[in-house]
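I would like to see how this sequence folds:
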Amino acid sequence: QVQLVESGGGLVRPGGSLRLSCAASGPIFSISDMGWYRQAPGMSRELVAGITSGGSPYYGSSSKGRFTISRDNGENTVYLQMNSLKPEDTAVYYCQVDLRDTFDTTHYRTYWGQGTQVTVSA
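Okay, here's the model as predicted:
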């Protein structure tokens, strides 16, 4: 089955940087949008950034100007470079991918990663 494997989370001081990665594997026919969401304790999940299959990025209001999303279509991988991190960026970050698998090449389905913790603290 399709799997999303995330990596790159951890503890960082305010002002620091982290780079998240998410690799999709399995019976993939094609991938549309890829993106990152985050969820802090007691809060709803929110969009951090997304990127279309053509490479056009879009960002949530909290990340614009500090975070950069990119993708490697050959590796089915999406990246999130996070700079100038703030304590309020602390959350579990989830990868999200819209794709068609080889068993159903007609419909796109949304897949989620398991989440990776990002903690910004002095």
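
quick one: what helix or strand has the spatially most central residue of the chain in it?
Centrality entry for the chain: nearest residue to the mean C-alpha point is Trp36, 2.7 Å, by Cα atoms, centre = their mean. Secondary-structure assignment from DSSP states H and E places Trp36 in strand 28-39.

next helix or strand past that strand?
Note on strand 28-39: by DSSP H and E, the next helix or strand toward the C-terminus is strand 46-51.

got the buried residues for that following strand?
By neighbour count on 16 or more other Cβ atoms under 10 Å, the buried set for strand 46-51 is 47-51. The way it works is simple: take the backbone N, C-alpha and C, and place the C-beta from them, glycine included.

which of those lies closest to Val92?
Val48 (11.3 Å; Cβ to Cβ).

Quick check: the closest one vs Met82, distance?
9 Å (Cβ to Cβ, to the nearest Å).

Need the residues touching each of the two.
Contact criterion Cβ atoms under 8 Å, 6 or more residues apart in numbering; residues shared by Val48 and Met82: 63, 67.

Report the angle between the lowest-mean-pLDDT helix or strand in the chain and strand 28-39.
None of the helices or strands of the chain scores lower by mean pLDDT, DSSP states H and E than strand 104-112, at a mean of 93. Between strand 104-112 and strand 28-39, the angle comes out at 20 degrees (axes from the mean of the first three to the mean of the last three Cα atoms, to 10 degrees).

Contacts for strand 104-112 next, please.
Strand 104-112 is contacted from outside by 2, 4, 24, 29-30, 32, 94-101, using Cβ under 8 Å, 6+ apart.

and if you look at stretch 50-62?
By Cβ under 8 Å, 6+ apart, the list of residues contacting stretch 50-62 from outside reads 30-36, 46-49, 67-71, 73, 78, 88-89, 96.
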